[in-house]
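Engineer: Starting from these lines, generate the structure:
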Amino acid sequence: MNNRGQKATLGFAFLLVAFILIITAFATIEPMKEFLDTARGSKDLNCKGTVDFNQTAYDEDDDNSIARLTRRPTCFITGITMIYFIGSFLIAVAVWTIAKWRKIK
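Structural biologist: I've put the predicted structure just below:
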């Protein structure tokens, strides 16, 4: 049997699966961005950089208010969620592909 040929064929199959998973992850960027912008643009969060941002309400949050202590970290976390999700997914796909390819005997 041609062991190298089988390794190459299975490796190519794993690369193809990884490519499909990556394309699927990139297809979720726009819906996720729209969902996060809707959540961040609500009057309860009032995050900077959204369409419904109200500067006056943002300035009225004084330094010691509970609103400022809960809104601003939530705005930051929802702002980096998409980068964290897509990045961790791409790393996981790469690790999975390499691990499966190395198991081929």
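
Engineer: Any stretches of this protein with poor pLDDT?
Structural biologist: 1-2, 63-64 (pLDDT under 70).

Engineer: in this structure, which helix has the most residues?
Structural biologist: When the chain is parsed with DSSP state H, its longest helix is helix 66-103.

Engineer: tell me which residues of it are tucked away?
Structural biologist: 71-72, 75, 78-79, 86, 89, 93, 97, 100-101 (16 or more other C-beta atoms under 10 Å). In this view, the C-beta of every residue, glycine as well, is placed from N, C-alpha and C.

Engineer: got it, and stretch 38-53?
Structural biologist: Buried, per 16+ other C-beta under 10 Å, within stretch 38-53: 39-40, 45-47, 50.

Engineer: Could you single out the nearest of the buried residues of helix 66-103 to E34?
Structural biologist: Distances from E34 to these, taken as C-beta to C-beta, are shortest for T78 (12.7 Å).
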